[in-house]
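S.K.: Only the shape, not the letters, is given here:
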């Protein structure tokens, strides 16, 4: 059995707990939280304060770090990694190189293994981009996200004066997707590929026209996109916030010769973004445990780990049934 | 530069030659053929008889073995592997386990590396089945092939008395694909997922009704499928035989919890089956060269090789641009 711990009990941590119920080779030692342990209301699972981890070195093979990428993971992963193997979903794309270098050094110094940036993007989508590009060098990549909620864009709207609550969906533009699938290899910006649909609840007496204008002209977030603003009740926004579906498409359009074209496409349609991300974390947790048992150390991404490490089945079985 | 050789100059070998023109890190030492070298009509490429390989140990880093899976590869790979690293597209699924075991032993004894069963199925499709299954353990796999030519089924028709020429297309059944995409997880046989469309040219005076009946009732090949037989001229069959398009879909439909479903899908739409297979061979040839330089030996499948090995780009660049 692989002994594992969950650090953080937000949506992602809850997803890992569910995913572990489908992993018969893993034993949950406990959930570790910054909050008062009893406040999580968990039964049949040990809940500890994060400080307890100090005394549990050697008792946990893999820690699933379920904090956020903005402030939590950059600070805490480096600390946990001194004593434990870790898996995280760090997804600030621009900062991945420095995050990797830092953790690789710490992991090698401490003989631990850290799988970073695991999930669906970065993660499963990265695998598709890597594989597709290597086998079809003469081609172009297209990644479409959605339909799904962007927390960053939702937060940006909520900061506008007069806005009570808001949710923003990133929506792939079907015409752009069809154009890529036709094989013409168009040049498309992120704004050409996606529209942004916002559902906004305002305070009483707020100026909707002004708010709509502030959203649509917001630099970086909305100015370069087709943006649709719908004003709805707070109840409607709250109801939408319960749904966590997401997904998207990675396409590569290219040629093997002057006569022959190819279209390679991966698509994900996910009812729950955090639960699916958690399922990917758990599979890579298994890989981390195997790498560690082989004596490996350092930081690893989805590019570095052979796929057989993700499975709980023997190699012979995988060759016989899946190859 | 990675020095490579192509063994066999049928459609697959021709595809490798084209793929190498897009691989700036590879140098083609020569094409090796069982035929009279000059009969290949190749200019600006060295062509040798296969016997010349005996004297070229140490001059070639990777041999692309472009023979067939029925009789050629099972006999010859073991011989070449004693002196060279190899990549092949062995695709007789039922015999892969024994093929792997045999080559793994020879490669380890001789300090060589053999990447086996490389292409799109087995190959890219296997990667999807492996990855999808590991991250979504509660789910079902569905592989659809086509639309594309099945050589085995085309040959089976050509053996019927009175048949002059024939081509058979394997066609995914759209209703079955839609049903899987709806998330209901149906039980589907290969025959539920595909229909078989045949274009047959007959000898003068042949009994078309009898031939159609013989095709439709042929055990293993057609009896369990919806089969459509079209009688056409030999010229039409020959014209169809020039087109080598293929592709298909790998889907996994599953759940991360009782509330949430997911649909993961990989699709390939290929103008040229052999050229695309060749492109995959070339990427894995790069991996074989790297594994060999690291001192590894043995047989490897797509499950065993980290994806970064397929690329000619540095790891830092891959993390920065593709993760």
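M.R.: Thanks, I have it. These numbers were taken from a predicted model, which means no experiment stands behind them. Residues are numbered from 1 along each chain as shown, chains lettered A, B, ... in the order given.

S.K.: Tell me where the model's unsure across chain A.
M.R.: Along chain A, the model assigns pLDDT under 70 to no residue.

S.K.: try it again with 90
M.R.: Residue ranges of chain A with pLDDT under 90: A:67-72, A:74, A:92-93, A:151-152, A:220.

S.K.: Could you chop it up by domain?
M.R.: What automatic domain parsing lists as the domains of chain A is A:2-121+A:274-321, A:147-245.

S.K.: right, so those: which one is the most enclosed?
M.R.: Compared across those, domain A:2-121+A:274-321 shows the largest average neighbour count, a mean of 20 (mean count of other Cβ atoms under 10 Å in any protein chain shown). Every residue, glycine included, has its C-beta placed from N, CA and C.

S.K.: Can it be said to contact chain B?
M.R.: Yes. Using Cβ under 8 Å from any Cβ of the partner chain, domain A:2-121+A:274-321 reaches chain B at A:15, A:18-19, A:22-23, A:93, A:96-97, A:100, A:117, A:275-276, A:278-280, A:283, A:286, A:301-308, A:310-311, A:315-316, A:318-320.

S.K.: Tell me the span between the first and last residue of stretch A:26-40.
M.R.: End-to-end span of stretch A:26-40 (Cα to Cα, to the nearest Å): 22 Å.

S.K.: should've said stretch A:83-93
M.R.: First-to-last residue span, stretch A:83-93, Cα to Cα: 26 Å.

S.K.: what's the span of stretch A:169-177, first residue to last?
M.R.: Stretch A:169-177 stretches 17 Å from its first residue to its last (Cα to Cα).

S.K.: is it up against chain B anywhere?
M.R.: No. Stretch A:169-177 stays out of contact with chain B when judged by Cβ under 8 Å from any Cβ, the minimum separation being 13.0 Å.

S.K.: just checking, residue A:226 touches residue A:195?
M.R.: Yes. The pair residue A:226 / residue A:195 is scored as a contact, 4.3 Å apart, by Cβ atoms under 8 Å.

S.K.: Find residues that contact each of those two.
M.R.: Counting by Cβ atoms under 8 Å, 6 or more residues apart in numbering or on different chains, the common neighbours of residue A:226 and residue A:195 are residue A:173.

S.K.: Show me the helices in chain A, by range?
M.R.: For chain A, the helices identified by DSSP state H occupy A:11-20, A:72-80, A:96-110, A:124-135, A:151-158, A:174-181, A:190-193, A:208-216, A:234-242, A:273-293, A:315-321, in order along the chain.

S.K.: now the longest one, how far from the chain's geometric center?
M.R.: Pointing back at helix A:273-293 there. Centre-to-centre, helix A:273-293 and its host chain are 12 Å apart (Cα atoms, centre = their mean, to the nearest Å).

S.K.: Show me what that helix is packed up against.
M.R.: In terms of contacts (3 or more Cβ pairs under 8 Å, 6 or more residues apart in numbering or on different chains; DSSP states H and E), helix A:273-293 is packed against strand A:2-7, helix A:11-20, strand A:26-33, strand A:62-65, strand A:86-88, strand A:113-115, strand A:298-300, helix B:124-135.

S.K.: Which of the ones you listed sits closest to residue A:201?
M.R.: Nearest of these to residue A:201, taken as Cβ to Cβ: helix A:11-20 at 21.5 Å.

S.K.: could you say what helices and strands that closest one packs with?
M.R.: Partner elements for helix A:11-20 (3+ Cβ pairs under 8 Å, 6+ apart): strand A:2-7, strand A:26-33, helix A:273-293.

S.K.: My read is that residue A:40 contacts residue A:46, right?
M.R.: No. The pair residue A:40 and residue A:46 fails to qualify as a contact (Cβ under 8 Å) at a distance of 10.8 Å.

S.K.: Quickly list what's touching both of these two.
M.R.: residue A:31.

S.K.: check contacts around residue A:227.
M.R.: Taking Cβ under 8 Å, 6+ apart as the test, what residue A:227 contacts is A:195-198, A:215-216.

S.K.: Repeat the analysis, applying 10 Å as the threshold.
M.R.: Each residue near residue A:227 by Cβ atoms under 10 Å, 6 or more residues apart in numbering or on different chains is listed here: A:153, A:168, A:191, A:195-198, A:212, A:215-218, A:221.

S.K.: from memory residue A:240 sits against residue A:169, does it?
M.R.: Yes. With contact defined as Cβ atoms under 10 Å, residue A:240 reaches residue A:169; the gap is 8.5 Å.

S.K.: Could you tell me which residues touch both of the two?
M.R.: Listed as contacting both residue A:240 and residue A:169 by Cβ under 10 Å, 6+ apart are A:149, A:154, A:199.

S.K.: which one of those is nearest chain B?
M.R.: Set against chain B, the nearest of those by Cβ to the nearest Cβ is residue A:149 (14.6 Å).

S.K.: I'd like to know which of the domains of chain A is closest to residue A:135.
M.R.: Per Cβ to Cβ, nearest to residue A:135 of those: domain A:2-121+A:274-321, 14.4 Å.

S.K.: Run through who's touching stretch A:97-111.
M.R.: Contacts of stretch A:97-111 (Cβ under 10 Å, 6+ apart): A:69, A:73-74, A:77-86, A:88, A:90, A:92, A:112-117, A:292, A:295-301, B:315-317, B:319-321, B:323.

S.K.: cutoff 6 Å now
M.R.: When contacts are defined by Cβ atoms under 6 Å, 6 or more residues apart in numbering or on different chains, stretch A:97-111 is touched by residues A:78, A:81-82, A:90, A:114, A:297-299, B:319-320.

S.K.: which residues does residue A:85 contact?
M.R.: Applying Cβ under 6 Å, 6+ apart, we find residue A:85 in contact with A:62, A:112-113, A:288, A:292.
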